[in-house]
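A.B. asks: pasted the sequence and its predicted model underneath.
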Amino acid sequence: MKRKRYLSPESVSRRNFLKGIGACVALPAFHSLMPSKLLAASSALEAATTSTGAPLRTAFVMFPNGAIPARWWPEGVGRDFVFNETLRPLEKQRENLQVLSGLDHENAKPGNDGGGDHARGNGVYLTGVRLNKSATDIRAGISIDQAMANEVGHLTRFPSLELSCDARRQSSNCDSGYSCAYQYNISWQDEHTPMTPESNPRLVFERMFGAGDHGERAESARRRMMGRRSLLDFVMDDARRMQKRLGWEDKEKLDQYLTGVRDVELRIQKAEQFGPNVDPKLPTPNGIPDSHVEYVDLMYDMMLLAFKTDSTRIATFVLGHDGDNRSFSQIGISEGHHDLSHHQNNEDRVNKVAAIDRWYVERFAAFLDRLDAEKDLDGNSILHNSRIVYGSGNADGNIHSHDNLPIILAGAGGGTLNTGRYVKHGAKPMTNLFLSLADQAGVAGLERFGDSTGRLGNI
């Protein structure tokens with residue numbers, strides 16, 4: 001019988017894709033199979049693993065437009081708390097997470113910059129710095145995920161993974177004079193360079209494992225790598241010839257360009273060092289599903305698969321940029337999310353926003369369930385050996401506040417985190433949490449981050 005090469009939409013549904021994840025063997029996670037150059041970096045390796053030797057994963061997930069505070073925060077405190085209606089879908093994972101209140105982003109507030117809370121909500125979420133208000137002169141700061149990736153990213157095939165469910169992106173001016181780079185990115189390599197997230201699950205999958213069917217992907221990845229190397233060789237040769245004819249100003253521009261080219265070359269060298277990735281017995285996703293439920297779940301699956309195969313230990317996921325005006329027909333809401341978030345305490349609009357908040361939490365809870373069901377190298381679950389920060393850069397979308405952000409910290413960090421609690425931290429910078437997470441990830445010499453005032457205790 002001739003092998004089927006083109007898969008029907010039914011055969012690549014998120015459900016069937018997830019069923020196949022169990023067939024993946026996370027070979028790159030075994031220390032004995034790691035390249036010797038990686039094992040030589042013993043201090044970094046220890047920092048990037050749990051006390052049992054399993055990989056320590058970190059992810060930051062952002063949902064848009066804040067939440068309805070009265071429906072979000074639990075009743076009670078410490079271990080004696082009761083989930084409110086928005087967070088109730090997390091009841092099954094209660095003992096594997098912390099609800100954190102009192103975390104603020106001072107630099108997301110207007111200050112002297114006026115409007116643009118949505119752009120600041122995104123750009124400040126993982127950087128904690130004051131953004132330069134401009135559509136062209138982009139200046140933010142390194143994000144905490146990239147600070148971690150700089151320390152431990154060499155241990156995996158990809159230093160970090162950036163995902164998004166924003167398939168359509170704008171350019172130039174997005175929010176009251178802020179560049180769209182701020183509004184569509186939460187991960188930043190440095191103050192000028194956002195890490196653009198991928199919104200197509202097919203491209204994410206092919207980047208990790210190669211194109212084609214199972215059995216074809218390693219060769220496909222090898223050919224793609226050779227093609228990129230040939231292209232880089234051509235670019236470098238052409239640049240060297242051109243350099244002799246340029247003035248000093250143009251030479252400076254060319255040097256900046258070549259720096260980016262060399263970064264690509266280093267990534268290719270790293271891929272060659274690791275060799276072929278595992279080849280999951282899974283169909284390649286067709287692309288972006290029509291159903292937004294399947295879309296979100298499939299992107300969560302991409303993150304799960306990346307963690308399970310130890311393709312990366314650092315990930316970010318933008319469920320929707322702050323200011324996103326998506327409607328939610330799947331739960332009977334035809335109005336746009338952002339429009340509804342300015343509810344002015346209208347009960348009907350408040351109820352609809354709360355329903356959207358809960359919908360996002362339901363998808364997150366389902367992801368945590370899948371992480372918890374996956375056994376890691378040490379016999380614990382992947383969720384146990386992870387730190388997953390879920391939250392928004394806006395607190396109350398009705399008034400564009402950035403104090404007391406809605407934040408959940410899921411996972412036990414390999415046993416280092418005190419889970420199963422609702423913790424009130426008073427008024428502390430969100431970046432204090434980042435410093436504590438960075439310490440656990442082995443980021444050395446990070447005394448401050450953004451507007452931090454110290455480490456966040458009691459996590």
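C.D. replies: Received it, and whenever you're ready, just let me know what you need.
A.B. asks: what ranges does the stretch 51-200 of the chain have for its strands?
C.D. replies: Ranges of strands in the stretch 51-200 of the chain, per DSSP state E, counting those that start in this stretch, are 57-62, 75-77, 80-82, 97-104, 161-164, 173-175, 178-179, 188-190, 193-194.
A.B. asks: out of those strands, which is closest to A366?
C.D. replies: Among the strands of the stretch 51-200 of the chain, strand 57-62 comes nearest to A366, with 12.7 Å by C-beta to C-beta. For every residue, glycine as well, the C-beta is placed using N, CA and C.
A.B. asks: now that closest one: how far from the chain's centre is it?
C.D. replies: In terms of C-alpha atoms, centre = their mean, to the nearest Å, the centre of strand 57-62 is found 5 Å from the chain centre.
A.B. asks: other SSEs contacting that strand?
C.D. replies: helix 144-152, helix 292-308, strand 314-318, strand 386-391 (3 or more C-beta pairs under 8 Å, 6 or more residues apart in numbering; DSSP states H and E).
A.B. asks: measure how that strand sits relative to strand 386-391, angle-wise.
C.D. replies: Relative orientation of strand 57-62 versus strand 386-391 (axes from the mean of the first three to the mean of the last three C-alpha atoms, to 10 degrees): 10 degrees.
A.B. asks: strand 57-62 - what's its average pLDDT?
C.D. replies: Average pLDDT, strand 57-62: 98.
A.B. asks: kindly export it (C-alpha atoms) in PDB.
C.D. replies: Listed next in PDB are the C-alpha coordinates belonging to strand 57-62 (Å, rounded to 0.1, in the frame of the first residue of the first chain):
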ATOM      1  CA  ARG A  57      12.400  24.600  32.500                       C
ATOM      2  CA  THR A  58      11.100  28.100  32.600                       C
ATOM      3  CA  ALA A  59       8.300  29.700  30.700                       C
ATOM      4  CA  PHE A  60       6.500  33.000  30.700                       C
ATOM      5  CA  VAL A  61       3.000  33.200  29.300                       C
ATOM      6  CA  MET A  62       1.100  36.500  28.800                       C
END
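A.B. asks: give me the residue at the spatial middle of this protein.
C.D. replies: The centroid of the chain falls nearest to T316 when counting by C-alpha atoms, centre = their mean (0.6 Å).
A.B. asks: ok, now which ones touch that one?
C.D. replies: With contact set as C-beta atoms under 8 Å, 6 or more residues apart in numbering, T316 has these partners: 59-62, 126, 143, 145, 160-163, 186-187, 195, 197.
A.B. asks: which residues does it bridge with?
C.D. replies: F60, E162 (DSSP bridges).
A.B. asks: how close does it sit to K133?
C.D. replies: 23 Å (C-beta to C-beta, to the nearest Å).
A.B. asks: now the strands for the stretch 301-450 of the chain?
C.D. replies: 314-318, 386-391, 407-410, 421-429.
A.B. asks: burial check on L368, number of neighbours?
C.D. replies: Using other C-beta atoms under 10 Å, L368 has 24 other residues around it.
A.B. asks: my error: substitute D378 in the last question.
C.D. replies: Other residues close to D378 by other C-beta under 10 Å number 16.
A.B. asks: excluding its backbone neighbours, what's nearest it?
C.D. replies: Distances taken as C-beta to C-beta, 6 or more residues apart in numbering place T52 nearest to D378, at 3.7 Å, with adjacent residues excluded.
A.B. asks: ok, the one you found - contacts?
C.D. replies: When contacts are counted by C-beta under 8 Å, 6+ apart, T52 touches 377-378, 380, 414.
A.B. asks: and V293, by the same measure?
C.D. replies: With contacts defined as C-beta under 8 Å, 6+ apart, the neighbours of V293 are 330, 363.
A.B. asks: what's the pLDDT at it?
C.D. replies: 96.
A.B. asks: any idea how far it is from I331?
C.D. replies: 10 Å.
A.B. asks: and F274, by the same measure?
C.D. replies: From F274 to I331 the distance is 42 Å (C-beta to C-beta).
A.B. asks: residue contacts, the residue lying closest to P194 once chain neighbours are set aside?
C.D. replies: Spatial nearest neighbour of P194, chain neighbours left out: N185 (3.6 Å); criterion: C-beta to C-beta, 6+ apart. Taking C-beta under 8 Å, 6+ apart, we find N185 in contact with 122-123, 194-197, 318.
A.B. asks: buried ones among those?
C.D. replies: The neighbour count (16 or more other C-beta atoms under 10 Å) marks 122-123, 194-195, 197, 318 as buried among these.
A.B. asks: which residue, other than its chain neighbours, is closest to G411?
C.D. replies: Spatial nearest neighbour of G411, chain neighbours left out: S386 (3.8 Å); criterion: C-beta to C-beta, 6+ apart.
A.B. asks: surely the one you found and A410 touch.
C.D. replies: Yes - S386 lies in contact with A410 (C-beta atoms under 8 Å); the separation is 7.5 Å.
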